[in-house]
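Peer 1: My questions are about this predicted structure, shown below with the sequence.
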Amino acid sequence: MLAINSSAFMPSVLTLIGIPGLESVQCWIGIPFCIMYIIAVIGNSLILAIIKNENSLHIPMYIFLAMLAGTDIALSTCILPKMLGIFWFHRPEISFDVCLLQMWLIHSFQAIESGVLLAMALDRYVAICIPLRHATIFARQLLISLGVGVTLRAAILVAPCLFLIKWRLKLYRTTVISHSYCEHMAVVKLAIDDIRVNKIYGLFVAFTILGFDIIFITLSYVQIFITVFHLPQKEARLKAFNTCIAHICVFLQFYLLAFFSFFTHRFGAHIPTYVHILLSNLYLLVPPFLNPIVYGVKTKQIRDHVWKMLSFKKNHDHY
């Protein structure tokens, strides 16, 4: 690493502080984070296993849920092992290229999760508003196309962030990142070079993905509620509404945390840094942790299969 007037020219190693201002208690903060991660991995793996092994669940609603579960496992795994390495084992160093890879993976999986949530909203819209065409519209080919599409959209839109950092930003004022993982703006702000292009492109990606998805999810659910309220039978209204409750809870927790993190990071100059970092961490860890709990509680088919598995294990242990 070449030092130039206390600056680093293309550093080979970066240092992640963790949570600035809370370094003395990071080891304790890591405990609930680790518990959330374990529950997230177990819960989402259980959902994947149930959907894979039950042929009756091989329908669009549960296939999208399986995509969401897989994305949640990958997203939380991108952040937590390294974070616990900082909190518990005092291993803050990360190579520059690995840092960029982590940044790309985290933001890509965030975008994939948003795309899957949009696909789930569209599935519920077709199932409730035009049910006779649901099987025709959400055929196997469309499911494959949606899965590939949301993945490519995320990977392609986020990838230029890496190139803009790698080939535009050459001189860095410090190699210390005031964060617990490699977040785009946290890395960009290390540079002495003009970072306006990087900031503008980062905002473009965020608004292109999250903004687009939120608009269409909102429109889908507005139309769903209008259709539900016009159903003639009360039982039909309740059934249609109940199928959407879990989805709505998942949408709200994902996007509300995203907005809190986004706005406090960019407009909360008076808010302590550790609040920004904690919100960013919770934004990545809470949805994977809560999603399987929400679907396990609110989705009867998932709940029934969990009880069936537990009953089988209990009977097997008895014998």
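Peer 2: Right, received. Where do you want to start?

Peer 1: For the rest of this, base every contact and every neighbour count on C-alpha atoms.
Peer 2: Fine.

Peer 1: Pull the CA coordinates from the helix or strand where residue 198 lies and hand them back as PDB.
Peer 2: Secondary structure from DSSP states H and E places residue 198 in helix 196-206. The C-alpha trace of helix 196-206 is given here as PDB (Å, rounded to 0.1, in the frame of the first residue of the first chain):
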ATOM      1  CA  ARG A 196     -20.400  13.000  -7.200                       C
ATOM      2  CA  VAL A 197     -20.800  10.500 -10.000                       C
ATOM      3  CA  ASN A 198     -20.600   7.600  -7.500                       C
ATOM      4  CA  LYS A 199     -23.200   9.300  -5.200                       C
ATOM      5  CA  ILE A 200     -25.600  10.100  -8.100                       C
ATOM      6  CA  TYR A 201     -25.400   6.500  -9.500                       C
ATOM      7  CA  GLY A 202     -26.000   5.100  -6.000                       C
ATOM      8  CA  LEU A 203     -29.100   7.200  -5.700                       C
ATOM      9  CA  PHE A 204     -30.200   6.200  -9.200                       C
ATOM     10  CA  VAL A 205     -29.900   2.500  -8.400                       C
ATOM     11  CA  ALA A 206     -31.800   2.900  -5.100                       C
END
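
Peer 1: what residues does that helix touch?
Peer 2: Helix 196-206 is contacted from outside by 157-158, 161, 164-165, 184-185, 188, using CA atoms under 8 Å, 6 or more residues apart in numbering.

Peer 1: repeat that with 6 Å
Peer 2: By CA atoms under 6 Å, 6 or more residues apart in numbering, no surrounding residue is in contact with helix 196-206.

Peer 1: for that helix, what is the average pLDDT?
Peer 2: Mean per-residue pLDDT for helix 196-206: 90.

Peer 1: what's the next helix or strand after that helix packed up against?
Peer 2: Under the assignment DSSP H and E, the closest C-terminal helix or strand after helix 196-206 is helix 212-229. Judged by 3 or more CA pairs under 6 Å, 6 or more residues apart in numbering; DSSP states H and E, helix 212-229 is in contact with helix 96-129.

Peer 1: Next, the buried residues of the helix holding residue 198.
Peer 2: 198, 201-202, 205-206 (16 or more other CA atoms under 10 Å).

Peer 1: can you check stretch 135-154 too?
Peer 2: 137-138, 143, 146-147, 149-151, 154.

Peer 1: same deal with stretch 225-241?
Peer 2: 225, 227-228, 237, 240-241.

Peer 1: Over to stretch 213-223?
Peer 2: Residues 213-214, 217, 220-221 are the ones in stretch 213-223 that count as buried (16+ other CA under 10 Å).

Peer 1: just those now: which is nearest residue 106?
Peer 2: Of all the buried residues of stretch 213-223, residue 106 sits closest to residue 213, with 17.9 Å by CA to CA.
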